[in-house]
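*Asks:* Test case, fold it:
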Amino acid sequence: MQIEIVIAGFGGQGILFAGQVLAYAAMDAGKEVTWFPSYGPEMRGGTANCTVIISDEEIGSPLVRHPRAAIVMNRPSLDKYELLVRPGGLLVVNVSMSGRAVERTDLEVVALPASEMAEALGDRRLANMVLVGALLARLPVLTLDQVEQALREHMPGRHRHLVEQNIQALREGARAAQEALAILPR
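*Replies:* Prediction:
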């Protein structure tokens, strides 16, 4: 089993952190993993994305043309990665910032107002974890417990006080993705 996941959005949305959390959880679970970040030169507001590959076997290359899944946090990322996810794959969309409906009909789509959900949890910056939770509810490559443990063990010291909020956001995203209303109507 090899699962490729792209996470994309603007810098400052926690794109790279979301990928790191998945990578740490996979490593801690004994899986083979790659985490490949890419970002523009801007500190905040530029493009950012990362690719995480989780596998039971050695990974040949960190480069992926057609990932099995993508989390997209804004319109430019939706425009780009909707086209690249392989048919039958999973597309997790932050409808708070996507600005349009998903057009492809050959994908499983989970569309959540992640920014508003994160605000309701107390911090708009939690939208990344809302969407990671949604992804894991539909693509169980890792368990929520494994990701929660990775948050507890690998959160940088200056952000340790945010662990429980991130876990709450992760759980809320998973819960919402399991509800029938979370599927974007075509």
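*Asks:* so where do the helices sit in the chain?
*Replies:* Secondary structure of the chain, counting by DSSP state H: helices at 15-28, 75-84, 95-98, 114-120, 127-138, 144-154, 163-178.
*Asks:* Tell me which of these sits nearest to I53.
*Replies:* helix 15-28 (8.9 Å; Cβ to Cβ). Glycine gets a C-beta too; all of them are placed from N, C-alpha and C.
*Asks:* mind listing what's buried in the closest one?
*Replies:* Going by neighbour count (16 or more other Cβ atoms under 10 Å), the buried part of helix 15-28 is 15-26, 28.
*Asks:* Check stretch 118-133 too.
*Replies:* Result for stretch 118-133 [16+ other Cβ under 10 Å]: buried residues 118, 121, 125-133.
*Asks:* Arrange these in JSON lines, one row each, with pLDDT and distance to A48 as further columns.
*Replies:* Output for those, formatted as JSON lines (pLDDT from 0 to 100; distance: Cβ to Cβ, whole Å):
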{"residue": "A118", "pLDDT": "96", "distance to A48": "17"}
{"residue": "L121", "pLDDT": "95", "distance to A48": "22"}
{"residue": "R125", "pLDDT": "93", "distance to A48": "14"}
{"residue": "L126", "pLDDT": "96", "distance to A48": "17"}
{"residue": "A127", "pLDDT": "97", "distance to A48": "13"}
{"residue": "N128", "pLDDT": "97", "distance to A48": "11"}
{"residue": "M129", "pLDDT": "97", "distance to A48": "16"}
{"residue": "V130", "pLDDT": "97", "distance to A48": "17"}
{"residue": "L131", "pLDDT": "98", "distance to A48": "14"}
{"residue": "V132", "pLDDT": "98", "distance to A48": "15"}
{"residue": "G133", "pLDDT": "97", "distance to A48": "20"}
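*Asks:* Farthest-apart pair in those, please.
*Replies:* R125 and G133 (14.7 Å).
*Asks:* if I read this right, L126 contacts Q165, doesn't it?
*Replies:* Yes. With contact defined as Cβ atoms under 8 Å, L126 reaches Q165; the gap is 6.1 Å.
*Asks:* Regarding stretch 154-167, how distant is the last residue from the first?
*Replies:* Start-to-end span of stretch 154-167 (Cα to Cα, to the nearest Å) is 13 Å.
*Asks:* average pLDDT across it?
*Replies:* Stretch 154-167 shows a mean pLDDT of 87.
*Asks:* switch to numbering from 5
*Replies:* With the count now opening at 5, the last piece we talked about shows up as stretch 158-171.
*Asks:* Excluding its own residues, what touches it? List them.
*Replies:* Stretch 158-171 is contacted from outside by 24-25, 28, 125-127, 130, 133, 152, 155-156, using Cβ atoms under 8 Å, 6 or more residues apart in numbering.
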